[in-house]
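> Generate coordinates for the sequence data below:
(chains A and B)
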Amino acid sequence: MPEVYHTVSSSVVCCAFNSDRSQLALCPNNEEVHIYVKKGASWSLSKVLKEHTEIINGIDWASESDKIVTCSSDRNAYVWKREGNDWKPTLVLLRMNRAATCVKWSPDENKFAVGCGAKLVSICYFEKENDWWVSKHIKKQINSTVLSVDWHPNNILLATGSCDFKCRIFSAYIKEIESKPSPTSWGSKMNFGACMHEFSNSGGGWVHSVSFSFDGKKVAWVGHDSSISVVDSERDNILLTVKSTYLPFASCTWISSNSIVSVGHDCVPYLFSIDGAGNLTFRDALDKKEKKQSENVFSALNKFRDLDRLGSTKSDRSNTSLNSIHQNAIKGVAIARGTKKDCAVFSTFGMDGKIIDWDLKSLEQSIAGLKIA
Amino acid sequence: MSKNTLSAQFRRVDVDALDENNFNDADADSSTPVGPDISAATRNKAEALKTVLQNPPLANSKDVKDQVFTAVLKVLTSHRSSDIEKSIQGLSQQEIDTLVKYIYRGFAEAKDSSCATLLAWHEKATAAGGLGSIVRVLTSLKTV
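Down below sits the predicted model:
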């Protein structure tokens, strides 16, 4: 069953775990980063990192090199390095004049990408000679705020989702620090900043989240029109879209070579898969909204008060909680154990301050007819 | 100083139009600018509904839109309330999204006679299309 991992008193804007999930960095809806450490079964606050001056929009924890990168509405990014018991920040000059909205380490952890409101993506890498993070901008064709980024496993290509209703694939090849990339299914000419592909989220809707599949051959994104789309580079880039009947999605990730979990304003994770015929289909809600037993004691006073205030006797006002485990919009989903090919546990965090782990094995057992492949 | 500095003409120039980086939402996606074949509407109400919801005039002028909207409204109001559910069952997801767009346009330009009917349609249409279809009315750039 889903396990509520950790609960904080404010909403979680963004969060990231370290490699063995013994530590957790999250932003509690302000300009601070809180580092929690697991002690036994409970989590305790170990450090508060204060350097940003406005709300933090993105956190990513590099699992191998154990560095944290944060970006914020104050237009800055910091790389935090562990020094003994402390974290030492290094300012990264992003050279942008709008808020930074999202950040992600590349798979090799030698660079990271920051999306922002200034219609550009900043690719930052470390320059040894100057002991300094430098940034290069990708600007081509981006017409609005970049809301999300995701790296291709080859450490070169970058998918972006933005407010101009487009998902794009760019090359983020930095010739100063990398050897020439080999061709991929998305194209072979990879100069820095080249837009390899552009896909429209048909019918409008900001692209809130993008995700490359494990092998990097497919890309999925979710839009504010409650739709989820997939493009497969090995099948002539056909666009597969499902316009769902739910509230808009905020985040998505691949959990197997054919399945995607998407979360959002409906407070419930949903499973989508590419079926045998190659169509994208809605599979199931992973949190069955079971009616909770109300503990309301019937009273004549309540009955008439409800009739007066709400025009109905049916409502039980004492029970304002939702039937789902998350009690407010889910902000993000990430893989907790496993990889994008064979995910065992994924975790979600949301505006209700809950961080929840979802074990796919036990979900398969508890939901009849669910098989994740 | 020259006389030109007194001129206020330059203040009326739409500078946004001259900015080549200026981004216009409406240009973002292209769809075919055709309307439904209204004359093909038949006596069968379910079929009539399906017909008027074909090829919504998303990129057309206001005149065409008004014309189609009047036709849709006519089909909607001519349904008996017991027939609504049956007609909706025959619609695809896309057609339901279009129908909900028309219902919201109906709410925006409400007349006394149409509101009750539209509310009945709204209930049944969103039962089939979910909250997603309402969200798509809000996010869609192309209005009907």
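
> residue in chain B nearest to chain A?
In chain B, the residue that lies nearest chain A is residue B:130 (2.5 Å; CB to the nearest CB). Every C-beta, even on glycine, is put in place using the N, C-alpha and C of the backbone.

> ok, that residue - contacts?
A:244-246 (CB atoms under 8 Å, 6 or more residues apart in numbering or on different chains).

> so it, which of the three states?
Secondary structure state of residue B:130, per DSSP: H, G, I helix; E, B strand; the rest coil, is helix.

> Would you quantify the distance from it to residue A:81?
Distance, residue B:130 to residue A:81, using CB to CB, to the nearest Å: 47 Å.

> Over to residue B:95?
For residue B:95, the distance to residue A:81 - CB to CB - is 56 Å.

> who's more crowded, the two?
Per other CB atoms under 10 Å in any protein chain shown, whichever of residue B:95 and residue A:81 has more neighbours is residue B:95, with 19 against 14.

> Surely the more buried one is in a helix?
Yes: judged by three-state DSSP, residue B:95 forms part of a helix.

> just the strands in the stretch 151-300 of chain A please.
A:157-162, A:166-171, A:195-200, A:207-212, A:218-223, A:227-232, A:238-243, A:249-254, A:259-264, A:270-274, A:280-285 (DSSP state E, counting those that start in this stretch).

> can you pull the buried residues of the fifth one?
Taking 16 or more other CB atoms under 10 Å in any protein chain shown as the neighbour-count basis, strand A:218-223 is seen to contain the buried residues A:218-223.

> How about the shortest one?
For strand A:270-274, burial by neighbour count (16+ other CB under 10 Å) applies to A:270-274.

> ok, now which ones touch whichever residue of the stretch 201-350 of chain A sits closest to chain B?
Minimum separation of the stretch 201-350 of chain A from chain B (CB to the nearest CB) falls at residue A:245, amounting to 2.5 Å. Residues near residue A:245 by CB under 8 Å, 6+ apart: A:226, B:129-133.

> 10 Å - rerun?
A:226, A:266, A:282, B:93, B:96, B:126-135 (CB atoms under 10 Å, 6 or more residues apart in numbering or on different chains).

> Are any of these buried, and if so which?
Buried members of these, scored by 16+ other CB under 10 Å, are A:226, A:266, A:282, B:93, B:96, B:126, B:128-135.

> And those, which is closest to residue A:321?
Residue A:321 has its nearest neighbour among these in residue A:266, at 15.3 Å by CB to CB.

> Tell me the backbone dihedrals of that closest one, please.
Dihedral angles phi and psi of residue A:266 (degrees, to the nearest 10) take the values phi -90, psi 0.

> Now do the contacts for it.
Residue A:266 neighbours (CB under 10 Å, 6+ apart): A:226, A:244-250, A:285, A:287, A:289, A:322, A:324, A:326, A:329-330, B:130-132.

> isn't residue A:335 right up against residue A:260?
No: Residue A:335 is beyond contact range of residue A:260, at 11.8 Å (criterion: CB atoms under 10 Å).

> more neighbours, those two?
residue A:260 (26 against 18).

> one step back: right, and the strands of the stretch 151-300 of chain A - which one's nearest residue A:63?
strand A:249-254 (15.8 Å).

> Give me the sheet partners of the closest one and which way each runs.
Paired strands of strand A:249-254, with direction, are strand A:259-264 (antiparallel) (DSSP bridges).

> Check the burial of the residue in the stretch 1-150 of chain A positioned nearest to chain B by counting its neighbours.
At 4.2 Å from chain B, residue A:143 is the closest residue in the stretch 1-150 of chain A, using CB to the nearest CB. Neighbour count of residue A:143, defined by other CB under 10 Å: 17.

> quick one, phi psi at it?
With angles defined as degrees, to the nearest 10, residue A:143 sits at phi -110, psi 0.

> next one: residue A:172
When read as degrees, to the nearest 10, the backbone of residue A:172 gives phi -120, psi 40.

> What pLDDT is listed against it?
In this prediction, residue A:172 carries a pLDDT score of 95.

> How about the contacts made by the spatially closest residue to residue A:14 that is not a sequence neighbour?
If you skip the residues right next to it in sequence, residue A:14 has residue A:59 as its closest partner in space, 4.8 Å away by CB to CB, 6 or more residues apart in numbering or on different chains. Contacts here follow CB under 10 Å, 6+ apart; on that basis residue A:59 touches A:13-16, A:24-27, A:33, A:49, A:68-72, A:80, A:102-103.

> Pull the most distant pair out of the buried residues of strand A:218-223.
A:218 and A:223 (16.8 Å).

> Would you report the backbone torsion angles of the most centrally placed residue in chain A?
Central residue of chain A (CA atoms, centre = their mean): residue A:332, 4.2 Å from the mean position. Backbone geometry at residue A:332, expressed as degrees, to the nearest 10, gives phi -160, psi 160.

> That one bridge partners, please.
Residues in beta-bridge contact with residue A:332 (DSSP bridges): residue A:349.

> Look up how far residue A:148 lies from it.
Taking CB to CB, one finds residue A:332 at 10 Å from residue A:148.

> so what sits against both of those two?
A:208-209, A:250-252.

> Mind putting the residues you listed into TSV with pLDDT?
TSV is the format used below for the shared contacts of residue A:332 and residue A:148 (pLDDT from 0 to 100):
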residue	pLDDT
A:208	97
A:209	97
A:250	96
A:251	97
A:252	97
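
> Just give me how far the worst-scoring helix or strand of chain A on mean pLDDT sits from the chain centre.
None of the helices or strands of chain A scores lower by mean pLDDT, DSSP states H and E than helix A:300-310, at a mean of 73. With CA atoms, centre = their mean, to the nearest Å as the basis, helix A:300-310 stands 43 Å off its chain's centre.

> Stretch A:167-174 now?
Put simply, stretch A:167-174 sits 19 Å off its chain's centre (CA atoms, centre = their mean).

> same deal with stretch B:130-137?
Centroid separation between stretch B:130-137 and its chain, computed with CA atoms, centre = their mean, is 13 Å.

> Using CSV, list the CA coordinates for it.
Output of stretch B:130-137 as CSV, limited to C-alpha atoms (Å, rounded to 0.1, in the frame of the first residue of the first chain):
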residue,chain,number,x,y,z
GLY,B,130,-15.4,14.9,-16.9
LEU,B,131,-13.7,18.0,-15.5
GLY,B,132,-11.2,17.6,-18.3
SER,B,133,-13.6,18.9,-20.8
ILE,B,134,-14.3,22.1,-18.7
VAL,B,135,-10.5,22.6,-18.3
ARG,B,136,-10.1,22.4,-22.1
VAL,B,137,-12.7,25.1,-22.6
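
> Ignoring the adjacent residues along the chain, who's closest to residue A:55?
Distances taken as CB to CB, 6+ apart place residue A:73 nearest to residue A:55, at 5.1 Å, with adjacent residues excluded.

> Can you give me the end-to-end span of stretch A:165-177?
32 Å (CA to CA, to the nearest Å).

> where exactly do the helices run in the chain?
If you meant another chain, say so; for now it's chain A. For chain A, applying DSSP state H gives helices covering A:300-310, A:360-366.

> try again with chain B
Going by DSSP H, chain B shows helices at B:15-18, B:45-52, B:62-78, B:84-89, B:93-108, B:112-139.

> can you state the direction angle for the longest one and strand A:227-232?
Between helix B:112-139 and strand A:227-232, the angle formed by their directions is 40 degrees, by axes from the mean of the first three to the mean of the last three CA atoms, to 10 degrees.

> Alright, that wraps it up for me.
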